[in-house]
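Enquirer: mind folding the following:
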Amino acid sequence: MAISFESALGIHDDALLLRARRAEVLANNIANADTPGFKARDIDFAAVLRGEQDQLSTEPAQTQAGHVGEFIEPDFAAELMFRTPSQPSVDGNTVEVQEEMARYSDNAIRYQSSFTMLNSKFKGLVSAIKGE
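Expert: Residues are numbered from 1 along each chain as shown. Okay, here's the model as predicted:
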């Protein structure tokens, strides 16, 4: 019986990629905190992941090895949303550095937990392959 990585890993690999993309977006916000007119953006993690799960559940099964399935789009630009600041600045910049740093830290912790979960899945697969 062949091991299917999609069924073995579930959504964890997609979650890890999405967390990495969100880290890039949040870091970009922090880097542009002093840029006049810059609008802070973020990814709605739950909505994107829910969309990925819905897509996975509605995809047709691959009937032959030569068939190519859907690839996950690495550019999540459609899911980027502008953030409304609690205290607007005079220059039009919507980045609130302390909040962005808190979001970045939270995302980093969640990235690490997703990575740990994925790592444990791989360790389980290796144990299964070795027959341990």
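Enquirer: element containing the nearest residue in space to E99 that is not next to it in sequence, please.
Expert: Computed as CB to CB, 6 or more residues apart in numbering, the closest residue to E99 that is not its neighbour in sequence is S86, at 7.9 Å. For every residue, glycine as well, the C-beta is placed using N, CA and C. Using DSSP states H and E, S86 sits in no helix or strand.
Enquirer: just S105 next, same as before
Expert: Applying DSSP H and E as the criterion places S105 in helix 97-130.
Enquirer: which other helices and strands contact that helix?
Expert: helix 5-9, helix 12-31 (3 or more CB pairs under 8 Å, 6 or more residues apart in numbering; DSSP states H and E).
Enquirer: ok so, going back, E96 is in contact with the residue nearest to E99, correct?
Expert: Yes - between S86 and E96 there is a contact under CB atoms under 8 Å: 6.8 Å.
Enquirer: now do the helix holding S105 against helix 12-31, angle only.
Expert: Angle, helix 97-130 to helix 12-31, by axes from the mean of the first three to the mean of the last three CA atoms, to 10 degrees: 160 degrees.
Enquirer: for helix 97-130, buried residues please.
Expert: 100, 103-104, 107, 110-111, 114, 118, 121 (16 or more other CB atoms under 10 Å).
Enquirer: do you know how far the spatially most central residue of the chain is from L118?
Expert: In the chain, the C-alpha nearest the mean C-alpha coordinate belongs to L18, at 1.1 Å (CA atoms, centre = their mean). Per CB to CB, to the nearest Å, L18 is found 13 Å from L118.
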